[in-house]
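**Q** any chance you could fold what I've pasted below:
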Amino acid sequence: MSMDKVFAQADDAQWIEVAPGNRRRVLIHTPELMQVEFGFDAGAVGALHSHPHVQVSYVAEGSFEVTIDGVTQVVGTGGSFIVPSGLVHGVKALEAGRLVDVFTPARADFL
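**A** As a prediction, the model looks like this:
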């Protein structure tokens, strides 16, 4: 495992607008692993997409309608979900909220 950076503070990362009402910031990463925070306004959408990375997401705040491989559930604060490699997935914020996502390997497209 590469150990370029082992600590990160919240203000180290800059927010990037992904879509209207949807923003992200890469908190920390190695080539093998990446942690990313997403902020959503109420009603904002994380569009359906897929990627080869395995993803685990933690709902730090708010409530989200989460769709993974055609199955939809509402996941609220404190809940989590896993997206296996290659599955189509997306979210809709039912209220303003934040997701903390971890990807393996790191997503080079976010850097």
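
**Q** quick one: contacts for the closest residue to residue 76 other than its chain neighbours?
**A** Spatial nearest neighbour of residue 76, excluding adjacent residues (CB to CB, 6 or more residues apart in numbering): residue 63 at 4.4 Å. Yep, even glycine has a C-beta here, placed from its N, CA and C like the rest. For residue 63, the contact set (CB atoms under 8 Å, 6 or more residues apart in numbering) comprises 74, 75, 76, 77, 93, 94, 95, 97.

**Q** can you list contacts of stretch 76-91?
**A** Residues outside stretch 76-91 that contact it (CB under 8 Å, 6+ apart): 40, 45-70, 73, 75, 97, 99.

**Q** next step: those restricted to strands.
**A** Cross-referencing the contacts of stretch 76-91 against strands under DSSP state E gives 40, 45-49, 54-61, 63-68, 73, 75, 97, 99.

**Q** what subset of the contacts of stretch 76-91 is buried?
**A** Among the contacts of stretch 76-91, those classed as buried by neighbour count (16 or more other CB atoms under 10 Å) are 40, 46, 53, 55, 57-59, 62-64, 66-68, 75, 97, 99.

**Q** any idea how far residue 36 is from residue 71?
**A** 23 Å (CB to CB, to the nearest Å).

**Q** my guess is residue 8 contacts residue 25. True?
**A** No: in this structure, residue 8 is not within contact of residue 25 by CB atoms under 8 Å, at 10.2 Å.

**Q** between the two, point out the one with more neighbours.
**A** residue 25 (17 against 13; other CB atoms under 10 Å).

**Q** so which strand or helix has the more buried one?
**A** strand 22-29 (DSSP states H and E).

**Q** contact partners of that strand?
**A** 5, 7-8, 10, 12-18, 34-41, 44-46, 100, 106, 110-111.

**Q** swap the cut-off to 7 Å and go again
**A** If you take CB atoms under 7 Å, 6 or more residues apart in numbering as the criterion, strand 22-29 is touched by 5, 8, 13-18, 34-40, 44-46, 106, 110-111.
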